[in-house]
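Enquirer: fold the following.
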Amino acid sequence: MIKLGRLQFEVKALKNKEDHLQDVEAKRISDPSQTCRVCFVEDIPDNPLISICKCSGSIQNLHVRCLQSWILSKITTNGENPLMKYLRSIHCELCREKLPFIVKVEGELYDMLQGHKLKVPYLILEGIQSEQREPGVYFISFAEKDSAMLGRGHDSDVRIPDISVSRCHAKISFYGNEFVIEDNNSKFGTLIKLPSPFVIESKTTVQCGRTILEFSKNPIGKDEKFEWELGG
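Expert: I've put the predicted structure just below:
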């Protein structure tokens, strides 16, 4: 989890080698009385009819290709850097259920991002839904450059249009086969949710709610250790 200003993002994928995203299995609907809510056609041999969200009744069914076309229509590309892509929403517009990137039907995989697959290494950031803005998904490839600037300004590789995000807020780099994020002296800071347990190797600043704590490690005995439990 990463927080830029007031916005939170979940790291959905970190890929440094070729593979595929996690798939979601869907059951094929072969009933001839059931039709797709987009094209009003029943199940087709090379275009399975499925139900992938929480909608019910006559609007619950959707062809795999119709779903793919809808998702692809939501993708925009950074004109100056085609390796940076943004998907406005991955939720059903009716029930708000999150939609998958890869659907598995009767053992066959259907890639919803066909033609927009990123070159490795890449990462995917998904915005966490809030009252202030519609969540979106950011696809960031490092195939041709080793860093990407995130911010509100037009000079940023990944534009995040929110007033709490600085013009050049933070930089994500890929080197040594690892992804590294670095704050760029932003006004409201860049926060990362710590893993549990977290080992303090050097001077570390941690925010708990609105309280900021600074830890520094001093030399102690070889068999000694300190543990703290933080809470209200």
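Enquirer: quick check, Lys58 in a helix?
Expert: Heads up, residue 58 is Ser, not Lys. Yes: judged by DSSP: H, G, I helix; E, B strand; the rest coil, Ser58 forms part of a helix.
Enquirer: look at it and say how many residues are nearby.
Expert: Ser58: 10 surrounding residues under other Cβ atoms under 10 Å. Every residue, glycine included, has its C-beta placed from N, CA and C.
Enquirer: now that we're looking at it, what pLDDT does it have?
Expert: Per-residue pLDDT puts Ser58 at 84.
Enquirer: and if you look at Glu80?
Expert: 63.
Enquirer: confidence-wise, which helix or strand of this protein is lowest on average?
Expert: The helix or strand of the chain with the poorest confidence is strand 84-87; it has a mean of 78 (mean pLDDT, DSSP states H and E).
Enquirer: quick check: the gap between the closest residue to Lys193 other than its chain neighbours and Arg96.
Expert: Using Cβ to Cβ, 6 or more residues apart in numbering and skipping residues adjacent in sequence, the residue nearest Lys193 is Met1, 3.7 Å away. Noted for Met1: a distance of 21 Å to Arg96, by Cβ to Cβ, to the nearest Å.
Enquirer: go on, Ile192?
Expert: 27 Å.
Enquirer: what of Asn16?
Expert: Separation of Asn16 from Arg96 (Cβ to Cβ): 32 Å.
Enquirer: just want to know which of the two has more residues nearby.
Expert: Asn16 (14 against 11).
Enquirer: in contact with that one, which residues?
Expert: Counting by Cβ atoms under 8 Å, 6 or more residues apart in numbering, Asn16 makes contact with 120-121, 174, 177.
Enquirer: mind running it again at 7 Å?
Expert: 120-121, 177 (Cβ atoms under 7 Å, 6 or more residues apart in numbering).
Enquirer: top of these by number of neighbours, please.
Expert: The most crowded member of the contacts of Asn16, judged by other Cβ under 10 Å, is Pro121 (18 neighbours).
Enquirer: Gly5 reaches Thr190, doesn't it?
Expert: No: contact criterion Cβ atoms under 7 Å: Gly5 and Thr190 do not qualify, at 8.7 Å.
Enquirer: so what pLDDT did Tyr138 get?
Expert: At Tyr138, pLDDT is 89.
Enquirer: could you find the closest non-adjacent residue to it?
Expert: Leu125 (4.4 Å).
Enquirer: which strands border the host helix or strand of the one you found, and is each parallel or antiparallel?
Expert: Here Leu125 is covered by strand 122-127, with elements defined by DSSP states H and E. Strand 122-127 has the following strand partners under DSSP bridges: strand 7-15 (antiparallel), strand 137-141 (antiparallel).
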